[in-house]
Every structure is written in C-alpha cells, then in structure tokens.
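**Student:** Okay, sequence plus prediction incoming.
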Amino acid sequence: MNTTIFIPKTIKVGYQNRNDTYTKKLAYIIYYDQKNVLRKQKSWEGWRDKNIEPQEFVNEPTSGFVLNKKTGDYKSDWHHRKAYIRVYDPRNFEFEITVENLLFILENTSSIKGKGLEGQFIYGWSGKDLILIPTESPDYKELVKYNEIIHEKNYVKVKDLVLGGTYKTKSNEEYIYMGRFDYYKEEYDYNNKVNINKYGGRCNYVRINVNKGKHHYFVRKDDEDYKWFNILVLKSLGERFIEIISSECVDNYADLFDKLECDSQYSPVDNSKDEYISYTIEEFNKKLKERGWFNCYDLNKKEVEINKIYNDNMKCYCRYLENYYSNGNRTEGTYEEIFNKFQPMYKNTYLTNGKLYSEGK
C-alpha cells in the first residue's frame, strides 16, 4: 500500500439523484487539504446536483460500510468506463471505489453477507484517487504517523540538517544531505549575436552557466549500495522533508561527495579545458563495427559523423556536421582511407574544478 496517502481531517460530499443506488443518492467526495483548501472543487461543482445540499463530515474511523454492486466496465462508442464498486456509507449515501481498492480491503478485512464490511474505515487520497482505508491494515499506523506530520506541519528544518544525515520526503523517498554549495544552472542568453549551430541552423542565443547562489544538495538513497546518483538541489527546504531517518553520517559520504564534484550543477563545464585525444586505428575500426556510426572530431577539431556502409563492410563515409543537411561534403572510402584523411579524435569535457565531466571515447 502507498504509505503517502493523505488522510484529511474533513471531507465534503456532493450528491446526484440516482435510481440505481440503494439510497437513491450517489456521492462525489472531496476533501480539505492541510492548508484548509478544498481540493478537486471545480470538477465536484460540475458534477453535483445544485438542488441537493452538500454535507461536510469529520473524517474519522467509521464502521457500517456495505458493498453494493459493480458498475462500469463497458464500452460506448470509443469510450470505455472502468469498473467501479459501489459502497454504502452509514451516513446514508453511496460512493464508488476502484476494483484495486476493493481487493486491498478484502486482503485486510471480511465482507459478511447482510452485515457489510467488518471493522472501521477512513477516507484517504492517493493523488486524485479516493481510497477507502481499513484501519486494520498493517500500513494504517504508518499512514497516521505520516499524516500527523503533514497536518501539524512538523517538517525538517535547516537547523536539523547534518552532513551525511538521511531524511525522508513527503513522497516517501530518502535523501542524504551533502551540504550547501553554489548551484549552477544552464540558461539561454538571448542578448548575444545570432549564432550558427552545428547543423547549419540559426539560433539567437548562446548557452551560459549562471550561478544561482548557495543551495542545499541532497543525494537520493535508492538502495543500500547507492547504485544510482540522483541529486536534489533546494534553495530552501519548505515542506519537502517530513522525517529525520538518521543524524549519523553515512559510511560512504566521501565517495558520494566525489561523485557530486563531477556534476555540472556543482561545478559548471569549462570548455577551455576540452581535451582532444586521437583514436588508434584499432579503436576506430572496433567502434564503427560495433555501433555502425558515431560522431567524433577531425584534426582541426571540427565535428564529423562517421557511418559504416552496410552493403560493403570494408567501406565507410564521413561528413561534417556543420552542413548536416547537405550531402555534398560526403567523403567515402575504406576504414583506413577515412581514418588517414580525418585523423578522428574524441573529446573529453571537464568542469571548472578540473573533474572529468564526460568522456567522448
């Protein structure tokens, strides 16, 4: 079960008169969020019958729910309506839940013929979807704990952060705090003269790296081995983090920091540090045979595209990318002839701090 389901304090119920319901009223239930804002109000207003007075209820554990019948699961013209399950609320209205929600309910409680669902239930929302939650489910206590933090706004503050500490977000993801550093963002500068890009097109901007000032850096903890490296950069914490998982520094903080130093958000790319390295003919042939094509640079550091000719494995051709849409500059020959003429190279890119950013090989 999703342990980030929001459980509101108050729900609001609108109605339509429906003869195919036990109570003759079908309900559309919406809720007030932690900021006391009524969510999904626009669609709710468009659906409900304005002649029937809506009602508000405290969203607390309630017993007496009864399964009624399945609806939907039919096709009309090009439209297909999903199957839903009608449920009777003891406050004298019926509403609909998904089949997935029903299966979850039946995993955690029983439905007794003539008496309805055993136990108490409460309303929750996963995104835009209503979920009827049995309080006997094993995740209920975790949901209550999560929602207490949301409602009380007891979020993690900057003063709570320690280097290498682990923190949980509202979306139930865990992040490791790396520290507060300058944040660089690539932006378009439209105040420059018109430039010609490598494909022969015109563009009235250049890309520049802008220092956005000090930001907090986090790395997502995806698993125990830290196989992935996902960076979260925040100017302020706001309501992002809801729990301190650990204030102890993780054992591999130094390794994670080494990776952080190789990210262009932490240190921007410095094109003056570009390094061009010549392929050996063996490397050139191997790469072309494996990939069929690749981009590289000629002896004058102009970008070129190398392509294998598939009807003759001993030949390939090369063309400059600055005139990409024109075939007039295509040069054809054997691997050795193309290699000798263009003397292909790959480019390694470095950051301002000297760390390798990308290896073109």
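**Tutor:** Structure received. Numbering: from 1, shown residues only.
**Student:** element containing residue 311?
**Tutor:** For residue 311, there is no helix or strand it lies in under DSSP states H and E.
**Student:** mind starting the numbering at 40 from now?
**Tutor:** Okay, using 40 as the starting number, the last item reads as residue 350.
**Student:** What are the neighbouring residues in contact with it?
**Tutor:** By C-beta atoms under 8 Å, 6 or more residues apart in numbering, residue 350 lies in contact with nothing. C-beta: built from backbone N, CA, C; applies to glycine.
**Student:** any idea of the pLDDT on it?
**Tutor:** Listed pLDDT for residue 350 reads 78.
**Student:** Spit out the contact partners of residue 252.
**Tutor:** Neighbour list for residue 252: 221, 222, 274 [criterion: C-beta under 8 Å, 6+ apart].
**Student:** Same list (the residues you listed) but as TSV, adding distance to residue 345, pLDDT and secondary structure.
**Tutor:** Conversion of the contacts of residue 252 to TSV gives the following (distance: C-beta to C-beta, whole Å; pLDDT from 0 to 100; DSSP: H, G, I helix; E, B strand; the rest coil):
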residue	distance to residue 345	pLDDT	secondary structure
221	39	97	strand
222	37	97	strand
274	44	96	coil
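**Student:** Just the buried residues out of the residues you listed, in ChimeraX syntax.
**Tutor:** Buried residues within those, by 16 or more other C-beta atoms under 10 Å, are selected in ChimeraX with:
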select :222
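**Student:** now, among the contacts of residue 252, which is nearest to residue 58?
**Tutor:** Checking those against residue 58 with C-beta to C-beta, the nearest one is residue 274 at 55.5 Å.
**Student:** what's the burial count for the nearest residue to that closest one once chain neighbours are set aside?
**Tutor:** Using C-beta to C-beta, 6 or more residues apart in numbering and skipping residues adjacent in sequence, the residue nearest residue 274 is residue 254, 5.3 Å away. When neighbours are counted by other C-beta atoms under 10 Å, residue 254 registers 20.
**Student:** got it, and residue 160?
**Tutor:** Number of residues near residue 160 (other C-beta under 10 Å) recorded here: 23.
**Student:** what does residue 385 give?
**Tutor:** There are 19 residues near residue 385, going by other C-beta under 10 Å.
**Student:** quick one: secondary structure of it?
**Tutor:** Classification of residue 385 by DSSP: H, G, I helix; E, B strand; the rest coil places it in strand.
**Student:** got the contact list for it?
**Tutor:** If you count contacts by C-beta under 8 Å, 6+ apart, then residue 385 has 315, 316, 318, 335, 336, 398, 399, 400 around it.
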